[in-house]
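>>> attaching a predicted model along with its sequence, questions to come.
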Amino acid sequence: MAVAAMIDLGADPQELTDVLDSLDTEEFVVSVSKVLKSGIEACDFDVNLLIDNHDHDMEYLHGGSVAHVPHGHTGLHDVERIIDASSASDDAKELAMRIFDIVAEAEGRVHGKTKEEVHFHEVGALDSIIDILSFAVCFRSLGIDSVIVTGLTDGRGTVRCAHGVIPVPVPAVLEIICEHELPLTISDVFGELVTPTGAAIAAAIRTEGELPTSFRVISVGIGAGKRDYEAPGVLRAMIIEDGAGEDTVCCLQANIDDCTGEMMADAASRIMEAGAKDVVFSPIYMKKGRPGYRIEVMCSPEDAGMFSDMLFAETTTIGVRRSYVHRTILDRRIETFDTSFGPIKAKVCRTAEGERAYPEYESVASATQGLPFADAYRLASEEINRQL
């Protein structure tokens, strides 16, 4: 479903075909088509194996008559070897392994093993390797830099796995949503609506948990599922642009006078990588005339607890203040422009007077062509804004 949603959003199908053709096996065939699910046209990504694994046999899945089903037993190192041998880009390989790593850690906690000791069953099968690698390739081809996952919705009842018939949500899903703080809602639908692989994908790509107050929808992707439940069997993804408007953010503050500059810089880097909206330092004088710093972290209200814990873990502070503020934000988007320096990414903001662009630092720094950064930035900015 996730792969199909990415293809429907505009992922490059030829790039995906090239990567799958590079895998050292001919035991599968994939197809992409349009289907109707609950009256909704959706994209269908189908992995056809030579061996039926009963993944879409509803009677079997929910505890009906048992047939012998061969299960592949694949370790994390085996998965990494297969993915690494593919022609996928390095960032797609990294994302695919991050998804598998999340599943391995969850399965390890469930079974009391390390992730290296875990032998996958369903998620180690060839079709799951293809699914996860395909998702990573398609997602990276879209050039998405932030992902909002507001929460997951699972069903009720039981489902069959390699260990027997177990309740929904299955243990690995619960471990993933617990470890990665994914909000969960339980619906009245009988069936498994969230698989460990699906939860791991959400955990791996999620950078934010709340939609902006207003936004513009650029495109919509609908991915079709194979199982038939009372709920529509589709996954919907949208590419959006923030709309100018107001929202509420949490501001975390801490005063620190006994932390080295290296520790502060590393803490800021880790906090930003974890999805904070901004991190800033201000020099201050504290009690007894000590020079120190005030660190401020801006984040979504639902992430305030996580970032407070990070401040305690990454710095020497013993107290964090929390306040909630309203902010006005401009409509913005990230766009790539052709310039004399090559492709340059820029943040384009829309105001009442029109649009203006700000080249991204990393994009300019990697393409200065020997010029001082300030000169390259000025020239790239002039070229980009002329194009606007």
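Arrived safely, thanks for sending. Residues are numbered from 1 along each chain as shown.

>>> worst-scoring helix or strand of the protein, pLDDT-wise?
helix 58-61 (a mean of 47; mean pLDDT, DSSP states H and E).

>>> now the farthest one out in this structure, which residue is it?
Lys288 (45.7 Å; Cα atoms, centre = their mean).

>>> next, give phi and psi for the closest residue to Glu210 other than its chain neighbours.
The shortest distance from Glu210 to any non-neighbouring residue, by Cβ to Cβ, 6 or more residues apart in numbering, is to Ser300 (4.9 Å). For every residue, glycine as well, the C-beta is placed using N, CA and C. With angles defined as degrees, to the nearest 10, Ser300 sits at phi -70, psi 140.

>>> count the neighbours of Ser300 for me.
For Ser300, the count of nearby residues is 19 (other Cβ atoms under 10 Å).

>>> please verify my assumption that it contacts Lys277.
Yes - the pair Ser300 / Lys277 is scored as a contact, 7.3 Å apart, by Cβ atoms under 8 Å.

>>> mind listing the helices for the protein?
Using DSSP state H, the helices found in the chain span residues 2-9, 13-21, 58-61, 76-84, 90-111, 126-141, 171-179, 196-205, 261-273, 304-314, 361-365, 373-387.

>>> which ones are touching Asp8?
Ala42, Cys43, Val220, Gly221, Ile222, Gly223, Ala237 (Cβ atoms under 8 Å, 6 or more residues apart in numbering).

>>> what about 10 Å?
32, 34, 41-45, 138, 219-224, 235-237 (Cβ atoms under 10 Å, 6 or more residues apart in numbering).

>>> next step: those residues restricted to strands.
Among these, the members found in strands (DSSP state E) are 32, 34, 41-45, 219-224, 235-237.

>>> measure stretch 344-358 end to end?
Distance between the two ends of stretch 344-358: 10 Å, counting by Cα to Cα, to the nearest Å.

>>> ok, and what's touching it?
143, 145, 216, 241-244, 329-339, 359-364, 366-367, 376-377, 380-381, 383-388.

>>> excluding its backbone neighbours, what's nearest Ala365?
Nearest to Ala365 is Phe373, by Cβ to Cβ, 6+ apart, at 6.2 Å.

>>> list the contacts for the one you found?
Residues near Phe373 by Cβ under 10 Å, 6+ apart: Tyr361, Val364, Ala365.

>>> restricted to buried residues, select those in PyMOL.
Under the burial definition 16 or more other Cβ atoms under 10 Å, those of the contacts of Phe373 that qualify are selected in PyMOL by:
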select buried, resi 364
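
>>> buried residues, the longest strand seen in the chain. List them.
Taking DSSP E as the criterion, the chain has its longest strand at strand 245-256. Using 16+ other Cβ under 10 Å as the test for burial, strand 245-256 gives Asp247, Val249, Cys250, Cys251, Leu252, Gln253, Ala254, Asn255, Ile256.

>>> kindly report the same for stretch 11-23.
Ala11, Glu15, Leu16, Val19, Leu20, Leu23.

>>> run through the residues that contact Thr185.
Thr185 touches Thr150, Gly151, Leu152, Thr153, Asp154, Leu193, counting by Cβ under 10 Å, 6+ apart.

>>> could you redo the last one with a cut-off of 6 Å?
Counting by Cβ atoms under 6 Å, 6 or more residues apart in numbering, Thr185 makes contact with Thr153.

>>> ok, now the one 4 residues further on?
When the contact criterion is Cβ under 6 Å, 6+ apart, the partners of Val189 are Gly155, Tyr229, Glu230, Ala231.

>>> just the buried members of the residues you listed?
Gly155, Tyr229, Ala231.

>>> which ones among those map onto strands?
Secondary structure defined by DSSP E assigns Gly155 of the buried ones among the contacts of Val189 to strands.
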